[in-house]
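Student: sequence first, predicted coordinates after that:
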Amino acid sequence: MKTLHVVAFVLVIVGGLNWLLVGLFGWDVGQIFGGQDAMISKVVYILVGLSALYLVVSHKKDCTHCEVATPVSAPSNPM
């Protein structure tokens, strides 16, 4: 499952960077592959979207930062 998580994470990063390029410069990475209508671009877009859905569904289970930790009490000051 770790491999799937890493692949999904990389694809979501690629998708996010693509949207950054679209927003800043109006340039879509899909243009490299023949534009949005090209089959390879559609496949990449679908994989990025499925990766985002996978991460949304599996995030809580896989994320170590979202676990609720028990608060650690401050050490007492003997002074």
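Tutor: Looks like it arrived, so ask away. Numbering: from 1, shown residues only.

Student: residues near S51, how many?
Tutor: Residues within reach of S51, counting by other CB atoms under 10 Å, total 21. For the C-beta atoms, the positions are set from N, CA and C on the backbone; glycine is no exception.

Student: pretty sure it is touching H5, no?
Tutor: No. Using CB atoms under 8 Å, S51 is not in contact with H5, being 9.6 Å away.

Student: any idea how far the spatially most central residue of the chain is from G35?
Tutor: For the chain, V12 is the residue whose C-alpha lies nearest the centre (CA atoms, centre = their mean; 3.6 Å). Look at V12 and G35: by CB to CB, to the nearest Å, they are 22 Å apart.

Student: ok, now K61?
Tutor: Using CB to CB, one obtains 37 Å as the distance from K61 to G35.

Student: for the helix or strand of the chain with the lowest mean pLDDT, packing partners?
Tutor: One helix or strand of the chain scores below all others by mean pLDDT, DSSP states H and E: helix 39-62, with a mean of 87. Where contact means 3 or more CB pairs under 8 Å, 6 or more residues apart in numbering; DSSP states H and E, helix 39-62 is packed against helix 2-25.

Student: if I take the helix it packs on and helix 39-62, what angle do their directions form?
Tutor: Computed by axes from the mean of the first three to the mean of the last three CA atoms, to 10 degrees, the angle separating helix 2-25 from helix 39-62 equals 120 degrees.
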